[in-house]
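**Student:** Output the structure for:
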Amino acid sequence: MSVEPYREITFDKEGDGPAGQPAALAALARQGVTDLVVFAHGWNSSPAGATRLCSDFFEPFPGLLAPGVEAGYAGVIWPSMMFTGEPVPDYRALVTVLPEKEPVLDRLTELLVTAPADEAAFAEFGALLRELTDVAAGEGGRAGAAGPREPVPEFLVADPVEVCALFTEALEADAVRREDLGRGDGQGSGHGSGPAEGFGEGFGEGLRRYWKGAREVLRQATYYVMKKRAGHVGEFGLGPLLGEVARAAPRLRVHLVGHSMGARLVAHALKGLPSGARPVASVTLLQGAFSHYAFADRLPHDSGRSGALRDLQNRVRGPVVACYSRHDTALGVFYPLASRLAGDSASLTRAAGLLGSDDPRWAAIGHDGVQAVPGTVVRPLATVLREGVPASGCVSVDTADVVRSHSDICRAELARVVVSAARTGR
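**Tutor:** Prediction:
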């Protein structure tokens, strides 16, 4: 580990962890620690990989702290999986976080490898996805077993061929967009949203071509599982734990940092804090994989609804900082597509018409920052590094100058943002 003192906070998928964790963290305060930086990883294939990420992320911190600040560090290790800017190549890796689904994953992998060109194979693929995510299709294709607070994504209960075709279109359109950006001529390729040149090699024609989209559909299905898991671990694991730490060490200032789904986890920890407990002095969300309307009192497109974390920024003594980057394809293209296909947000047909659009309803906070919260401050990274993070409220920081992909977070500049939000810098 690159820093000391360092502790690990471990949770299982239910948000349960070893009984001694709160005491171990509170003991840091008795050793002179004034500020505890807690980092929650996003998608990782193993606990060891998560620990390495914590070490890499924390490495710049000691050289950034002001005299007199005694910092401690903690990594939240929770059962998640890889989710990069490209489709996951090794689906067997999913067994590490969904071991009870191994037979299902074996068959899904076989279908993706063999890519049968018949509708029955796609029907089986759809049924296996529902089994993987514990979703049942009821009458009329409506959700049957997703729980009262989580809408079932439409892509899990809609026609599998249509869904895979839709995601294939998205992949092709994104390939064209990347080609245009790579040329940098600003003229466009002339292909519109059709297939990129050479796309489909190895997949053949007709139905076989749609297995390319099926890979992304599987990735989005596991995203749905991890989304529920991250929120649950935050609210029922980390939040109550921080409440216990606050009772035992009331002067300890806690600074929460989360990446991707880990950002969702630490944000939902605010919901799980005991009433009256305010141990959290700052929150920094790095490429957060949850709605940019999460903290909104009212949704711009539906004034009768609020964000899932409405007003919870007020439980933080300092700022809530959302770092975002337009270079994050995972959040900029496929997150909103999957969100459009969730429950009552949009039908499959409407989503198909929205491919490539800038409709803001389903964007991620890691794509364009906090939205629909009055008083939110928006700053480019260079300004924040020069002038610091505002002392309170919601702050959106455009980090596109240094963050070039979804997982590109081990940057000294981002460490400086965290330290500035925490008011612990030189």
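
**Student:** Low-confidence stretches in this structure?
**Tutor:** Residues of the chain meeting the criterion pLDDT under 70: 44-45, 81-93, 137-151, 174, 177-178, 180-205, 333-334, 337-359.

**Student:** mind giving me the domain split of it?
**Tutor:** 6-81+229-325+361-422, 91-224 (automatic domain parsing).

**Student:** most neighbours per residue, which of those domains?
**Tutor:** domain 6-81+229-325+361-422 (a mean of 20; mean count of other CB atoms under 10 Å). Any C-beta I mention is one placed from the backbone N, CA and C, and that applies to glycine too.

**Student:** Could you pull up the contacting residues of residue 239?
**Tutor:** Neighbouring residues of residue 239 by CB atoms under 8 Å, 6 or more residues apart in numbering: 268, 269, 270, 271, 272, 273.

**Student:** Confirm it sits in a helix?
**Tutor:** Yes. Assessed with DSSP: H, G, I helix; E, B strand; the rest coil, residue 239 lies in a helix.

**Student:** List the backbone torsions phi and psi for the spatially closest residue to it that is not a sequence neighbour.
**Tutor:** Spatial nearest neighbour of residue 239, chain neighbours left out: residue 272 (2.1 Å); criterion: CB to CB, 6 or more residues apart in numbering. Backbone torsions of residue 272, given as degrees, to the nearest 10, read phi -90, psi 0.

**Student:** Quick check: residue 272 vs residue 243, distance?
**Tutor:** If you measure residue 272 against residue 243 using CB to CB, to the nearest Å, the figure is 8 Å.

**Student:** again with residue 169
**Tutor:** Counting by CB to CB - residue 169 and residue 243 are separated by 46 Å.

**Student:** Skipping adjacent residues, who's closest to residue 387 in space?
**Tutor:** Nearest residue to residue 387, sequence neighbours excluded (CB to CB, 6+ apart): residue 379, at 8.0 Å.

**Student:** Check which helices and strands the host helix or strand of that neighbour sits against.
**Tutor:** Per DSSP states H and E: residue 379 is located in strand 377-380. Where contact means 3 or more CB pairs under 8 Å, 6 or more residues apart in numbering; DSSP states H and E, strand 377-380 is packed against strand 393-398.

**Student:** show me what contacts the residue nearest to residue 239?
**Tutor:** Applying CB under 8 Å, 6+ apart, the residues near residue 272 are 234, 235, 236, 237, 238, 239, 240, 243.

**Student:** farthest-separated two in the residues you listed?
**Tutor:** Greatest spacing in those, by CB to CB: 234 and 243 (12.8 Å).

**Student:** Okay, and the beta partners of the residue nearest to residue 387?
**Tutor:** residue 397 (DSSP bridges).

**Student:** quick one: it from residue 324, how far?
**Tutor:** Counting by CB to CB - residue 379 and residue 324 are separated by 11 Å.

**Student:** Could you tell me which residues touch both of those two?
**Tutor:** Shared contacts of residue 379 and residue 324 (CB under 8 Å, 6+ apart): 396, 397, 398.

**Student:** Between these, which sits nearest residue 68?
**Tutor:** Nearest to residue 68 among the shared contacts of residue 379 and residue 324 is residue 397, at 26.2 Å by CB to CB.

**Student:** now that closest one: how far from residue 379?
**Tutor:** Residue 397 is 6 Å from residue 379, by CB to CB.

**Student:** Next: residue 271.
**Tutor:** Counting by CB to CB, the gap from residue 271 to residue 379 is 27 Å.

**Student:** repeat for residue 206
**Tutor:** From residue 206 to residue 379 the distance is 50 Å (CB to CB).

**Student:** now swap in residue 225 and tell me
**Tutor:** 34 Å.

**Student:** Same check on residue 103?
**Tutor:** 50 Å.

**Student:** what do you get for residue 299?
**Tutor:** 24 Å.

**Student:** swap in residue 252?
**Tutor:** 28 Å.

**Student:** Next: residue 420.
**Tutor:** Distance from residue 420 to residue 379, by CB to CB: 11 Å.

**Student:** Could you do residue 59 as well?
**Tutor:** Distance from residue 59 to residue 379, by CB to CB: 25 Å.

**Student:** same check, this time on residue 425
**Tutor:** Counting by CB to CB - residue 425 and residue 379 are separated by 16 Å.

**Student:** What of residue 36?
**Tutor:** Counting by CB to CB - residue 36 and residue 379 are separated by 26 Å.

**Student:** for residue 277, same thing?
**Tutor:** In terms of CB to CB, residue 277 sits 30 Å off from residue 379.

**Student:** I'd assumed residue 136 was in contact with residue 130.
**Tutor:** Yes. Residue 130 lies in contact with residue 136 (CB atoms under 8 Å); the separation is 6.4 Å.

**Student:** The stretch 151-300 of the chain: helices as residue ranges?
**Tutor:** Assigned helices in the stretch 151-300 of the chain, in chain order: 160-183, 211-233, 239-248, 261-272 (criterion: DSSP state H, counting those that start in this stretch).

**Student:** If I take the third one and helix 261-272, what angle do their directions form?
**Tutor:** Using axes from the mean of the first three to the mean of the last three CA atoms, to 10 degrees, the interaxial angle of helix 239-248 with respect to helix 261-272 works out to 60 degrees.

**Student:** now could you export just the CA positions of helix 239-248 as CSV?
**Tutor:** The C-alpha coordinates for helix 239-248 follow below in CSV (Å, rounded to 0.1, in the frame of the first residue of the first chain):
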residue,chain,number,x,y,z
GLY,A,239,-23.8,4.6,5.9
PRO,A,240,-24.5,2.8,9.2
LEU,A,241,-20.8,2.0,9.6
LEU,A,242,-20.0,5.7,9.3
GLY,A,243,-22.6,6.5,11.9
GLU,A,244,-20.9,4.1,14.4
VAL,A,245,-17.6,5.7,13.7
ALA,A,246,-19.1,9.2,14.3
ARG,A,247,-20.3,8.1,17.7
ALA,A,248,-17.0,6.7,18.7
